[in-house]
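Kindly return the folded structure for what I paste below:
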Amino acid sequence: MTQISGVNERFLNTPVVLSEIMRVLDPDLAFDGIIPYVDSGGDPVIYLQKGNKSADAKKQTPRLMTPSSKFPEVEITRMTKKSAILNEEGLAIRLDKDAIQKRAGVDMIMDAFQTVGYWMAEYVNGKIYTALRAGGTASGVTPAAVWSSNSAQPMEDARKIKNSMKREGYVYRATDLFVEMDNFHEMEGFLMSSDIPAYRDAGLAIGQGDAIALPMGGKPVLNGLFSSITHGDYIALDRNHPGSSLYYYNDPQFSVPSITYETAGANGVMTAKTIKNFGLSTHRYFEDDSHDTVIQIWMDYTIAVRDAYSIIYGNGL
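Alright, predicted model coming up:
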């Protein structure tokens, strides 16, 4: 195939494409920093799934040592070996020759990257949320009322959800609670209108972000999601003891080990940030018949839940 060149050709190189995609993708990845990323190295994904320690059928009780008896020997139920398949999921961008050859075409290219970055973040968030909910445990919490109701008790509901993760034999604690953005705003309104100073302070501390450190024991963080979660639903995770992982693969033919991009710092100042690539790849080719350049962008990944009790979900908010 013929390969064309133009003034904007440099924007189609792999590091640049992935940098622009990540610049948009990173702020919108809701579960980033909570779910660990694990490099599969291209090998099949194998992981161990835990059972319930307290309800183990082989559970033993310590026995008093006597001359005629021994301590009971324990046989621990083995963890189940599971496998998962990585999936290449992505989109393709079609650019005409004007976008490549004319200086003003850079705006078309950047707009395309920004749009695809947002769409991919939205999709990946949804994929992760669906996998976590499917592999998690129902909280059993019944909210007092939907959070839009005058009789709603959002803080009491959040406290019950937080405590529903506590189970004998498990270290998991709910550090992060995710809700749909309207529910997030309802919690914010509840805090700001409260007569309790700690509640109002928590509402004022939100800033420009979409997270509230709830003023209760453990300080769980309430996160708002625009998409991927249904209004009224919630999911709680433990970032300190994650029971799930995102497995990925970087194909050296189409990817790079690390990605550098610009992101807004604490004071809104744009700074360069370099992270390990977690499965983002890109490829471009030129079509002789249309004279278009096609840019493919995809992620090669899968999500695995190792322990259902590390994730709590429910609805009714």
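
Now do the phi/psi pair for I275.
The phi/psi pair for I275 (degrees, to the nearest 10) reads phi -130, psi 160.

Worst mean pLDDT across the helices and strands of the protein, which element?
Least confident helix or strand of the chain, by mean pLDDT, DSSP states H and E, is strand 80-84 with a mean of 62.

got the buried residues for the helix or strand in which L18 is found?
Using DSSP states H and E, L18 maps to helix 14-28. Burial within helix 14-28, assessed by neighbour count using 16 or more other Cβ atoms under 10 Å, is assigned to T14, V17, L18, S19, E20, I21, M22, R23, V24, L25, D26, D28. (C-beta placed from N, C-alpha, C; glycine too.)

which residues of the protein score low on pLDDT?
1-7, 46-61, 63-68, 71-85, 265-268 (pLDDT under 70).

Okay, domains of it per the record?
9-51+78-133+245-303, 137-243+308-314 (automatic domain parsing).

what pairs with the residue nearest to S19 when sequence neighbours are not counted across the strands?
Closest residue to S19 apart from its sequence neighbours, by Cβ to Cβ, 6 or more residues apart in numbering: Y261 at 4.4 Å. Beta-bridge partners recorded for Y261 (DSSP bridges): K273.

any idea how far T271 is from Y261?
10 Å (Cβ to Cβ, to the nearest Å).

The two: which has the busier surroundings?
Y261 (19 against 10; other Cβ atoms under 10 Å).

Now do the contacts for that one.
S19, E20, M22, R23, D26, A272, K273 (Cβ atoms under 8 Å, 6 or more residues apart in numbering).

switch the cut-off to 6 Å
Contacts for Y261 were tallied using Cβ atoms under 6 Å, 6 or more residues apart in numbering; they are S19, M22, R23.

got it, and D176?
Here D176 is in contact with I34, V221, L237, R239 (Cβ under 6 Å, 6+ apart).

I295 now?
I93, R284.

what about A272, how many neighbours?
9.

got it, and A104?
10.

can you give me phi and psi for it?
phi -70, psi -10.

how far away is it from E180?
39 Å.

Now the helix ranked longest in the chain: buried residues?
Secondary structure of the chain per DSSP state H: the longest helix is helix 105-135. Buried residues in helix 105-135, counting neighbours by 16+ other Cβ under 10 Å, are found at 105, 108-109, 112-113, 116-117, 120-125, 127-129, 131-133, 135.

Please name every helix or strand in contact with that helix.
helix 14-28, helix 97-101, strand 293-305 (3 or more Cβ pairs under 6 Å, 6 or more residues apart in numbering; DSSP states H and E).

From the rest of the structure, what touches the first one?
Outside of helix 14-28, the residues within contact range by Cβ under 6 Å, 6+ apart are F113, Q114, G117, Y118, A121, V256, I259, Y261, E262, L280, T282, I297.

and it, how far out from the chain's middle?
Taking Cα atoms, centre = their mean, to the nearest Å, one finds helix 14-28 lying 16 Å from the centre of the chain it belongs to.

Might you report the residue contacts of the nearest residue to I206 once chain neighbours are set aside?
Closest residue to I206 apart from its sequence neighbours, by Cβ to Cβ, 6+ apart: I212 at 5.6 Å. Taking Cβ under 6 Å, 6+ apart, we find I212 in contact with A202, I206, L222.

Doesn't I212 lie inside a strand?
Yes - judged by DSSP: H, G, I helix; E, B strand; the rest coil, I212 forms part of a strand.

For A174, which three-state class applies?
Per three-state DSSP, A174 ends up coil.

phi, psi of it?
phi -80, psi 100.

quick one, what contacts it?
So A174 contacts K162, M165, P220, A236 (Cβ under 6 Å, 6+ apart).

Give me the buried entries from those residues.
K162, M165, P220, A236.

Tell me which of the residues you listed fall in strands.
Those of these mapping onto strands are A236, per DSSP state E.

Need the max-distance pair from the buried ones among the contacts of A174.
Maximum pairwise distance in the buried ones among the contacts of A174, criterion Cβ to Cβ, is 9.6 Å, between M165 and P220.

follow-up on the earlier one: just the contacts of D176 now: which is nearest Y172?
Nearest to Y172 among these, with distances taken as Cβ to Cβ, is L237, at 8.8 Å.

My understanding was that that closest one contacts P36; is that so?
No - counting by Cβ atoms under 6 Å, L237 stays clear of P36, with 11.6 Å between them.

Which one of these two is surrounded by more residues?
Set side by side, L237 and P36 show more neighbours around L237, with 27 against 12, by other Cβ under 10 Å.
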